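In: Pasted the sequence and its predicted model underneath.
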Amino acid sequence: MLRRIIGIVLALLFISFAAMQYNDPDPALWVSIYLVAATLSILAAFGKLPLIVMALACAACVIGAFYIWPEKYEGLEVGGGDIKNIEEAREALGLLLIGLVMFLYAIMPGRAKIAPSTPLTQKG
């Protein structure tokens, strides 16, 4: 039950993040990223997200965050430095948040189970 509540709350959070991307320089990319995160959260909430998908999403987000991390971290507030560095820091931290959530889903009990394989029997 707790997993469902957490998953739904995080899905709503990611949807709100997607809605805030309308003024981003590349809104389609970031709306898509946050909506995928919301979808994965809903699937994880109901135990329908396989571990491999969680692991791949986590790895992709962490790699993406390091790739777009600004050359110089100048905080998250506009007015405190170069807007490019601030925007890149926000985007990187958003990816790290999604990666952390996917990692937490992977270690929480109640995740999707992979059905055990059954050996083929020969009739003879």
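Out: In hand now; what should we look at?
In: Return the residues in contact with the spatially most central residue of the chain.
Out: Nearest residue to the geometric centre of the chain (Cα atoms, centre = their mean): I98, 2.9 Å. Applying Cβ atoms under 8 Å, 6 or more residues apart in numbering, we find I98 in contact with 14, 33-34, 37, 57, 61. Where you see a C-beta, it was placed from the backbone N, CA and C, and this is true even at glycine.
In: How much space separates it from A28?
Out: Computed as Cβ to Cβ, to the nearest Å, the I98 to A28 distance reads 17 Å.
In: Counting by contacts, list what the helix or strand hosting F66 packs against.
Out: Assigned by DSSP states H and E, F66 falls within helix 51-68. The contact analysis (3 or more Cβ pairs under 8 Å, 6 or more residues apart in numbering; DSSP states H and E) places helix 51-68 against helix 27-45, helix 83-107.
In: Dump the ones you listed into a markdown table; add distance to G75 and mean pLDDT as well.
Out: A markdown table is the format used below for the helices and strands packed on helix 51-68 (distance: least, Cβ to Cβ, whole Å; pLDDT from 0 to 100):
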| stretch | distance to G75 | mean pLDDT |
| --- | --- | --- |
| helix 27-45 | 19 | 96 |
| helix 83-107 | 7 | 92 |
